[in-house]
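Asks: Sequence first, then the predicted structure:
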Amino acid sequence: MIIGLTGGIGSGKSAAADRFAEAHGVHVVDADMKSRVVVEPGRPALARIVDRFGDDVLLDNGSLNRPALREVVFRDPTQRLWLEELLHPLIREEVVNDLASAESPYALLVSPLLIESGQHRMTERVIVVDVPESIQLARTAARDQVPLDQVRAIMEAQASRDDRLRQAHDVLVNDGDLAALHAQVDALHDRYLAMLSGDTL
Ligand SMILES: CC(C)(COP(=O)(O)OP(=O)(O)OC[C@H]1O[C@@H](n2cnc3c(N)ncnc32)[C@H](O)[C@@H]1O)[C@@H](O)C(=O)NCCC(=O)NCCS
Ligand SMILES: Nc1ncnc2c1ncn2[C@@H]1O[C@H](COP(=O)(O)OP(=O)(O)OP(=O)(O)O)[C@@H](O)[C@H]1O
């Protein structure tokens, strides 16, 4: 069974996924991490990005300058769509290969764009990590040291809170402390194991 886990920027997807992995041994595949692999130096996608945006999106060591590209693509939706068209099929391939190696009773596909990019069709259930937008903004700005306007622009490029919740089979409400999030993850994990063993929920 593959379970999708999504939520807006800074909602707590990684915090929830870490709990599934560390406390319960669940195999986690993270689309954001795959998005780094597909643009590593030497990969054709990095050359395509440099052709389009110039050397300004490269660091001195030849790797992608991610903050510079982030600044460009979240200012201009045309550039973002170009980047997504280039990277999403490559990310998907990495995700599929990694999921195929999962050995835990179920695997988790963590993706900020699970619904927007159609990746949820690979999954049997969808978990949404839900927080009010004010918390998303505050936690992301504190974590990434980026201007609130840029976080807002990223949020606008993502599904709305309501659209996401409409796709949810399960919701993790992450407006409290980490212990509260962990308790919800632990309860969901128990439910999934019960589902897999054929018990009714
Ligand atoms: C623009 C890039 C280089 C910025 O890199 P950076 O290291 O600063 O951010 P990172 O990749 O860790 O993403 C941080 C968060 O931004 C949001 N985000 C990233 N890409 C997108 C996007 N295309 N649309 C909406 N939100 C996005 C997500 O919430 C993500 O968790 C990078 O995000 C990227 O390559 N994006 C395009 C690929 C993509 O769509 N990835 C996300 C889903 S797989
Ligand atoms: N319940 C919580 N209490 C306090 N801080 C939290 C909580 N949950 C997450 N955080 C913090 O908020 C920030 C965002 O969380 P996290 O990185 O897990 O979000 P994310 O959804 O994976 O973000 P992104 O979409 O950007 O990858 C992190 O600094 C994390 O440590």
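Replies: Ah, there it is. Numbers count the residues shown, from 1 in each chain. Ligands and ions are numbered 1, 2, ... in the order given.
Asks: For residue 40, give me phi and psi.
Replies: As for residue 40, its main-chain torsions (degrees, to the nearest 10) stand at phi -60, psi 150.
Asks: ok, residues contacting the biggest helix by length in the chain?
Replies: For the chain, the longest helix by residue count, based on DSSP state H, is helix 77-100. With contacts defined as Cβ atoms under 8 Å, 6 or more residues apart in numbering, helix 77-100 is touched by 2, 27, 29, 31, 34-35, 37-39, 45, 48-49, 52-53, 69, 72-74, 107, 109, 111, 117, 119, 122, 157. To be clear about C-beta, it is placed using only N, CA and C from the backbone, and glycine gets the same treatment.
Asks: Return the subset of the residues you listed lying in strands.
Replies: 2, 27, 29, 107, 109 (DSSP state E).
Asks: Close to ligand 1: what parts of this structure are there?
Replies: 9, 31-32, 35, 66-67, 69-70, 73, 80, 83-84, 87, 91, 111-113, 154, 157-158 (Cβ under 6 Å from any ligand atom).
Asks: Generate a PyMOL selection restricted to the buried subset of the residues you listed.
Replies: Typed into PyMOL, the line below selects the buried ones among the residues of the chain next to ligand 1, using 16 or more other Cβ atoms under 10 Å:
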select buried, resi 9+31+35+69+70+73+80+83+84+87+91+111+112+113+154+157+158
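Asks: Just the ones in helices from the residues of the chain next to ligand 1, please.
Replies: 31-32, 35, 66-67, 69-70, 73, 80, 83-84, 87, 91, 154.
Asks: show me where pLDDT drops low in this protein?
Replies: With pLDDT under 70 as the threshold, the chain has low-confidence stretches at 199-201.
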